[in-house]
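Novice: Attaching a predicted model along with its sequence, questions to come.
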Amino acid sequence: MDKLLRLIGQRLGLGLLTLLVVSVLIFSAVELLPGDLAEAVLGQAATEETVAAMREQLGLDRSAPVRYLEWLSGAVVGDFGNSLISGERVSDAISERFSNTLMLAAYAAVIAVPISILLGIMVALLRNTLFDRVANVMTLTSISSPEFFLGYILILYFSVKTGWFPAIASQMGDTSLGDYLYRTFLPALALVLVVTAHMMRMTRAAIINLLASPYIEMARLKGVSPLKVIVKHALPNAWAPIINVVALNLAYLITGVVLVEVVFVYPGIGQLLVDAVAKRDFAIVQACCLIFAATFILLNLAADVGSILTNPRLRHPK
Amino acid sequence: MLTFVIVYYGVLIAASCAAAYFKQRQAFQLLFSLLLVSMVVGIVGGAAGLRFIAIAACLLAAAAGISYAFREFLVQIAKPSLARELRTAPLTAAFGMFIIFVYAVAAIFAPWIAPFGQAEVIDSAFAPADDKMLLGADQLGRDMFSRLIYAARNTVGLALSATILAFLMGAGAGLWAAVRGGWFDTAFGRVVDILMSIPSLIFALLILSIFGTNLTIIVVVVAIMYAPRVFRLTRAVAGNVVVMDYIEAARLRGEGDWFLIRREILPNTTAPLIAEFGLEFCFVFLLMAGLSFLGLGIQPPTADWGSMVRENATLISFGEITPLIPAAAIALLTVAVNFVVDWMLFRSSGLKER
Amino acid sequence: MTHCKPLDLSRRNFLSASAAGAALATGILPSQLRAAPKRGGTFRIARGHGQTTDTLNPAIYENGFMAGLSYGYNGFLTGVAIDGSVEPQLAESWEASADAKVWRFKLRAGTTFHSGRPITVEDVIASIEYHRGEGSTSVVKPTLEPIESIGADGNTVVFTLFSGSADFPFTLTDLHLSIIPASGDGVDWRSGDGAGPYKIVEFKPGISVTLERFANDWDSGRGFFDRIECLSVIDLNARTTALISGDVHAIDKLDLKTVGLMARRPDLNIHSVAGNQHYSFAMSTIKDPYSDRNVRLALKHAIDREEMVEKILFGYGSVGNDHPIGRGQQFFNTELAQTAYDPDKAKFHLKEAGLDSLSVQLSAADAAFSGAVDAAVLFQNSAKAAGIDLGVNRVPNDGYWSDAWMKDPFSAVYWSGRPVEDAMFTIAYAAGAEWNDSFWDNARFNELLVAARAELDTDKRREMYWEMQAILNQDGGAIIPMFANYVFATGPDIVTSEPFASNWEMDGERWMERWSFA
């Protein structure tokens, strides 16, 4: 256990380093992008004179390293600066939207993760039967349509035709949890459809991969029932890839849902990031990317810790 | 209507009796359960429900028939060693291979199959289907069918090269990292963490805005975006293999890294990798759609399925099926690829049962 | 469906009178002439604009969401009336010197901001000055270039121009030139305090804005809803389904592809208003091969305008004739021959230019205008018949205006148009103008432009503007294939203006004050 704790500490330290590198990368990428904030804000109406004036006001005329270090010195003490365009504090601009994103991701994950792992175990058990095929065709079809298109179809059937759920998920004022769950059911369902297939198929593959191992054969020869073989013998060794793919998909639910946000008009963080990139609002882009990066690092760490805990060989390296 | 219902039940009853008489257990079970289901559906949904079942059953039977014939065809033309493998393929895998074959033919011979060029404007916008244009016209009056055929070439070619590139990079690095371990492993892990922690659409937006959008760059960017996922999976699976005793034994024998990867680890990690390949392949299609959403995809007027869905997506709200056609093209190929992948997965897992 | 005929604008009669004889504008407002619509209710609207980066800073309002909001919560000195004339707002009346160089605007008495603070001459001057001068980052800075100085005379604001301009009151109707509280050296826009018919309750950039009626508005004949919720819904499909499912009462920027399908629903009203909004392909006349007039003419004849109106605008628009003046404008040249698709003529002009074939690259992105990439593909197709190899270069939407427009020698552009000819010509076609995207410099055109600006005789002005349109048609560097209508829809129970203002989208973007429940 001590070793594990040390590993976690080590990984968190490395995570901070990763964040630093990400911030440098993002900063340079935004710098390399053609055009800057002044040109992007003024758009078609930009003139040389007004662009120059705006650059001066916002301090964009200083050299890139100076601006980066200035941002960094604030960031290490928890001050991510102000949005360059609105002047609003970055933390204020982001916090509400990020909690919206987290809520939706949690909603979708709570439905998708158990369903896909259960389905994965079931199709591994009933492999190559009609049930396996049907489950496969359904999940594969659901992920092979672009997610915005899935959203449109859900809206058509559950909102326009039947009127069961609202087409627009954007929140006006405070709502109760029940109301929230109701309003955001369609975007959550769209996300569930997008991530289920991947997790289910990985679970199935990981289990089937183990079924020819001698120890499984042994168990089977002993007369253990197929369900027990899978749950008691195969699953423990299959956890590593399953946990990894679950972590990947959880991260996707948080960082990759711009299109679903757009389709259901849900005020999450994805839209904020895309807009900020379009306007070259470095402070916001940086803060969003760092949040995403941190999410990723934590989930990965959790996945690795999970893999170690579930595999005795990794738990006690020789 | 009445004749249809009588014939329907008559055929089903006769077929199930015949199956029972000839001791075809599986066929009998299938036919008899179909008969029972039909009775329920017949009561609830009437003749329309029965017709639906009949059409669905006929389609399935046709697919099964084609798959069977295609498998036999493959078995006949293949070398004996390969033919033995092919004979074990389930019908679903044969179906998958058939669909892939059809797509490949469409892609390779696109200019000869398609009646019009992909950029040719021939009619008014959304002209209805007729003899000349099998699926009607798109929003600019181009032939939808021709564009679908050309898109097979553009989309599949692009997706395939990007996926293969991603796998070469990701799996290669993953296996190597697993074998070498130590700081090498950690360094790779960090690079991958950094790459993955930047959301893919934003990553694509940044890179393609900086470097432009020609085909090579799109393929490379997509490959770079997916390689880390492959790396992580490979690393995780290989990590479980590396700690096995036989690896230790091989190391003690003094085998090099390359030998370990090729002979010991790769054979034990192919199954999850192949499963992943099937899925990543279809994610790449979707990414292309997402990229063209940001105006970064394939240059127009080149056709690709992702952008064809996007261009007409709003029509679906009014019950028009136009956007479903390219979406169905993607879905069919995805399902087909994954059927074949399932079979390979099954084979490589060493399970002999069917 | 209601199709509005192009308006016959009559404002010019009033204008010339005011310029020549210093006649005063009367206080009669068009809105008072209408039967009073019903008050009350919460109006919800979904708009296809709006970004998380929007701010209340009037110097950088950039999209339709902010335009509607600006006209809703802000007060202005003057406004564009439904019929296209200029109407008094916070300025009760105005007069010009005989040479139209000095303009005096008398402020309405007793007006206040939403906070209760009275509107003073200082506020007005600070609000306009905010966009001028050295450090200004305002998008309207070039528009205000003609102003030499702004001064106060009791309750009157005095503008002194460098040269006479008969159309000056129109300049002040711009959505950026809102009157906001002066504060220190500048203005205080952060507070969200304004002088319009609605006050802001909550503004969430990129999501929504909620407004309430301002009880003490100076004009009791406008602002009929109690409350307005304006949502930013960028996705076409989401916007459309929101209206169909009754979540909102109105939407803008309809998907032209599906308007026909939408029109089958009897409860929805689809409005199509012809305005001055036009799409253009700008050629840089200082770069080869576009520097050759014959090459430009060849390209102008190689584009099928009718097809573009049919396939890009789905009929919701009209063909353009390579000049930016809309059919509804007073000095639209009705006798100018329409340039039509003619591959042979295009080949002829190519030969004149000494070329057998021509290969050019056209940069386009949907950011330029919706359907720009498709339009470029159609252009490519029609140019082929004229022996022109036109390559479509799709560039990213992101950064289009800073990297492609006016940088690439041939690019797609969108112009919202201007209510008066002088403004449109001055900002985009005069030699050296900041937004002259064809880098065009025609001596005769520039000479006419200055002369027409100060000319007070309508017939002479008409003659000059007609000649300018003819010059643009034959020599200009912009191919203007189409004028796009403003197309938006309202649900049942909504009473709108009849006809609509055509100077801007959504009833001149003054839907907040003009529309009501039935």
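Specialist: Alright, I've got the coordinates.

Novice: low-confidence ranges in the chain?
Specialist: No chain in the question, so chain A it is. Within chain A, the segments meeting pLDDT under 70 span A:1, A:44, A:171-174, A:312-318.

Novice: Correction: the question concerned chain B.
Specialist: Scanning chain B residue by residue, the ranges that satisfy pLDDT under 70 are B:1, B:289, B:292-295, B:348-354.

Novice: Please repeat the previous calculation with a cut-off of 50.
Specialist: Chain B contains residues with pLDDT under 50 at B:352-354.

Novice: could you point out the longest helix in it?
Specialist: Selection of the longest helix in chain B by residue count, based on DSSP state H, yields helix B:25-77.

Novice: packing partners for it?
Specialist: helix B:2-21, helix B:80-87, helix B:91-108 (3 or more CB pairs under 8 Å, 6 or more residues apart in numbering or on different chains; DSSP states H and E). Every C-beta, even on glycine, is put in place using the N, C-alpha and C of the backbone.

Novice: Contact residues of the stretch 51-200 of chain A facing chain B?
Specialist: Within the stretch 51-200 of chain A, the positions near chain B by CB under 8 Å from any CB of the partner chain are A:127-128, A:133, A:136-137, A:140-141, A:143-149, A:152-153, A:155-156, A:160, A:197-198.

Novice: Of those, which belong to helices?
Specialist: Those of those mapping onto helices are A:133, A:136-137, A:140-141, A:143-144, A:147-149, A:152-153, A:155, A:197-198, per DSSP H.

Novice: May I ask which two of those are separated the most?
Specialist: A:Arg133 and A:Ile155 (29.1 Å; CB to CB).

Novice: For those two, indicate the residue with more neighbours.
Specialist: Taking other CB atoms under 10 Å in any protein chain shown, A:Arg133 and A:Ile155 do not tie; A:Ile155 has more neighbours (28 against 19).

Novice: Quick check: closest non-adjacent residue to A:Leu191.
Specialist: A:Ala108 (3.8 Å; CB to CB, 6 or more residues apart in numbering or on different chains).

Novice: My error: substitute A:Ala240 in the last question.
Specialist: Nearest non-adjacent residue to A:Ala240 (CB to CB, 6+ apart): A:Ser307, at 4.1 Å.

Novice: any idea how far that neighbour is from A:Arg204?
Specialist: 18 Å (CB to CB, to the nearest Å).

Novice: These two: which is more packed in?
Specialist: For A:Ser307 versus A:Arg204, the count of surrounding residues by other CB under 10 Å is larger for A:Arg204: 27 against 21.

Novice: Tell me who's in contact with the more buried one.
Specialist: A:Gly120, A:Val123, A:Ala124, A:Arg127, B:Ala275 (CB atoms under 8 Å, 6 or more residues apart in numbering or on different chains).

Novice: Can you give the contact residues for stretch C:188-199?
Specialist: A:87, C:56-58, C:71-75, C:90, C:111-115, C:117, C:119, C:178-182, C:200, C:203, C:211-214, C:217, C:219, C:222-223, C:228, C:512-513.

Novice: picking that back up, which of the ones in helices among the residues of the stretch 51-200 of chain A next to chain B are close to chain C?
Specialist: A:Phe148, A:Tyr152, A:Ile155.

Novice: Which parts of the stretch 51-200 of chain A are helices?
Specialist: Secondary structure of the stretch 51-200 of chain A by DSSP state H, counting those that start in this stretch: the helices cover A:64-75, A:90-125, A:130-144, A:147-155, A:177-183, A:185-210.

Novice: Relative to its centre, which residue of chain C is most distant?
Specialist: C:Asp356 (40.2 Å; CA atoms, centre = their mean).

Novice: In terms of helices and strands, where is that one?
Specialist: Assigned by DSSP states H and E, C:Asp356 belongs to no helix or strand.

Novice: For it, give its distance to chain A.
Specialist: 35 Å (CB to the nearest CB, to the nearest Å).

Novice: that older thread, with respect to A:Ile242, which of the ones next to chain C among the ones in helices among the residues of the stretch 51-200 of chain A next to chain B is nearest?
Specialist: A:Phe148 (28.4 Å).

Novice: Next one: the spatially closest residue to B:Asp185 that is not a sequence neighbour relative to B:Trp258, how far apart?
Specialist: Nearest non-adjacent residue to B:Asp185, counting by CB to CB, 6+ apart: B:Ala177, 4.5 Å away. To B:Trp258, B:Ala177 is 14 Å away according to CB to CB.

Novice: Any residue of stretch B:113-130 touching chain C?
Specialist: Yes. Contact of stretch B:113-130 with chain C (CB under 8 Å from any CB) involves B:Ala119, B:Glu120, B:Val121, B:Ser124, B:Ala125, B:Phe126.

Novice: Can you tell me the SS state at the first one?
Specialist: Using DSSP: H, G, I helix; E, B strand; the rest coil, the secondary structure recorded for B:Ala119 is coil.

Novice: Confirm for me that it is in contact with C:Asn381.
Specialist: Yes. Here B:Ala119 reaches C:Asn381: they are 6.6 Å apart, a contact under CB atoms under 8 Å.

Novice: neighbour count winner among those two?
Specialist: The residue with more neighbours, out of B:Ala119 and C:Asn381, is C:Asn381; 22 against 19, by other CB under 10 Å.

Novice: Next, the contact list for the more buried one, please.
Specialist: With CB under 8 Å, 6+ apart, C:Asn381 has these contacts: B:Ala119, B:Glu120, B:Val121.

Novice: okay, those residues in a markdown table with distance to chain A next?
Specialist: Shown next, in a markdown table, are the contacts of C:Asn381 (distance: CB to the nearest CB, whole Å):
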| residue | distance to chain A |
| --- | --- |
| B:Ala119 | 23 |
| B:Glu120 | 26 |
| B:Val121 | 25 |
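
Novice: could these go into TSV alongside distance to C:Ile494?
Specialist: Listed next are the contacts of C:Asn381 as TSV, based on distance: CB to CB, whole Å:
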residue	distance to C:Ile494
B:Ala119	43
B:Glu120	44
B:Val121	39
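
Novice: Please give the element, helix or strand, for C:Glu447.
Specialist: For C:Glu447, the element it lies in under DSSP H and E is helix C:443-454.

Novice: Up against chain A, what does the stretch 401-518 of chain C have?
Specialist: Residues of the stretch 401-518 of chain C found near chain A (CB under 8 Å from any CB) are C:Trp401, C:Ser402, C:Asp403, C:Trp405, C:Val413, C:Tyr414, C:Glu434, C:Trp435.

Novice: and the closest residue to chain B within the stretch 201-350 of chain C, what pLDDT?
Specialist: Here the stretch 201-350 of chain C gets closest to chain B at one residue, C:Leu261, 4.0 Å apart by CB to the nearest CB. In this model, C:Leu261 is scored at 81, pLDDT.

Novice: Give me the distance between C:Glu198 and C:Asn74.
Specialist: Rather than Glu, residue C:198 is Tyr. Plainly put, C:Tyr198 is 10 Å away from C:Asn74 if you go by CB to CB.

Novice: before we move on, what about B:Pro300?
Specialist: From B:Pro300 across to C:Asn74, the span is 40 Å (CB to CB).
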